[in-house]
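**Student:** Give me coordinates for this.
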Amino acid sequence: MSSRAGTKTQGPLQESRCSSSRAGRAIRIIGVPLDMGASRRGVDMGPSAMRVAGLEPRLEALGHKVTDGGNIRVEIAETQGHGNERARYLKEITETCTRTAKAVLKTLEDGQTPLVLGGDHSLAVGTVSGAAEFHRRQGQSIGVLWIDAHSDINTPETTPSGNVHGMPLAALVGLGPQSLAGIFGYSPKVSPENTVLIGVRDIDAAERENIRRAGIAHVYTMRDIDERGMRAVMEEALRTASRGTAGYHVSLDMDWIDPEDAPGVGTPVRGGATYREAHLAMEIIADHGRMISFEMVEVNPVIDEHNRTADLAVELACSAFGKKIL
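**Tutor:** Next comes the predicted model:
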């Protein structure tokens, strides 16, 4: 499914770690401690874990102006009925995503870059909806880089689990569930032509059909990364996501990275991106310069090892926002 067109090298890559090469941004951190979309609990503590890992001061050290907007209000699962077994807690998740969308929209209206901390991946419907609405009001569209071990494109009709964190991309491209897809009163939020999946390696049979139904042609599996290299894949993906758009949202699920480096995730899958591959992907995004919003999801401190996964998430955010060796 991935595009196989050749990629022209644009010059030597620079690696991240010690200094910033880009002008500072105004960044607003938004926590979304949502964990109703998954079976395994604990990702509601992900935003706190990333804050504890020094996200704000580490971004400020790169020359960015960072403010923390606090957390979006999320209902406690134990106080709610889970509703339909085919999409558990859908009502509460939709309410959280709507609040998230409004916060992201306001952040962009204030001239700041939204940096959203999750929480389970269902919150991405809110983040992308807010970014898409901001640009829709200006007659523009956005692209999406979905960096994940999973495609998250099930619907209530195709889901094997009933977990909504397996449905956000389906909502964003208009397949449903309708309550999530219809935030701000329209759907889809993103065009399949500007939607790119990167590093997937665990896709349900029904999801393969949903990818085809949605018309998403640019899907890069871990095999593509193995065969072609991260640079070729990322440069092609960035061209796709930015073609005819105002820029793109980056949705980074930490289970994209191999569990050896990111053990604190709810749905680990062996064979993911390495530590250096993950940083390289973020560095290329920073070099490209068209990221309009960014989120990191599925950090679960309950099963992490000494906050390793949250610390790596913060490192990757720094690379995406321009941290470099030289």
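
**Student:** Just give me how far stretch 99-112 sits from the chain centre.
**Tutor:** The chain centre lies 16 Å from the centre of stretch 99-112; the measure is CA atoms, centre = their mean, to the nearest Å.

**Student:** who touches it?
**Tutor:** Stretch 99-112 has contacts (CB atoms under 8 Å, 6 or more residues apart in numbering) with 25-28, 30, 32, 67, 69, 72-73, 113-114, 116, 123, 125-127, 129-131, 133-134, 183-184, 292-293. In this view, the C-beta of every residue, glycine as well, is placed from N, C-alpha and C.

**Student:** Among these, which lie within strands?
**Tutor:** 26, 27, 28, 30, 32, 67, 69, 113, 114, 116, 292, 293 (DSSP state E).

**Student:** What is the nearest of those residues to residue 243?
**Tutor:** residue 292 (14.7 Å; CB to CB).

**Student:** returning to that earlier point: quick check on the contacts of stretch 99-112: which are buried?
**Tutor:** Neighbour-count burial (16 or more other CB atoms under 10 Å) applied to these gives 25, 27-28, 30, 32, 69, 72, 113-114, 116, 123, 125-127, 129-131, 133-134, 183-184, 292-293.

**Student:** thinking again about what came up before, which pair of the ones in strands among the contacts of stretch 99-112 spans the longest distance?
**Tutor:** Going by CB to CB, the pair spanning the ones in strands among the contacts of stretch 99-112 furthest: 26 and 32, at 19.9 Å.

**Student:** Could you list the low-confidence segments of the stretch 1-150 of the chain?
**Tutor:** Scanning the stretch 1-150 of the chain for pLDDT under 70 picks out the ranges 1-23.

**Student:** And the strands in it?
**Tutor:** Counting by DSSP state E, counting those that start in this stretch, the stretch 1-150 of the chain has strands at residues 19-20, 26-32, 65-71, 113-118, 143-147.

**Student:** export the ones in strands among the contacts of stretch 99-112 to JSON lines and tack on distance to residue 158?
**Tutor:** Formatted as JSON lines, the ones in strands among the contacts of stretch 99-112 follow (distance: CB to CB, whole Å):
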{"residue": "26", "distance to residue 158": "40"}
{"residue": "27", "distance to residue 158": "36"}
{"residue": "28", "distance to residue 158": "35"}
{"residue": "30", "distance to residue 158": "30"}
{"residue": "32", "distance to residue 158": "25"}
{"residue": "67", "distance to residue 158": "40"}
{"residue": "69", "distance to residue 158": "35"}
{"residue": "113", "distance to residue 158": "34"}
{"residue": "114", "distance to residue 158": "30"}
{"residue": "116", "distance to residue 158": "26"}
{"residue": "292", "distance to residue 158": "30"}
{"residue": "293", "distance to residue 158": "28"}
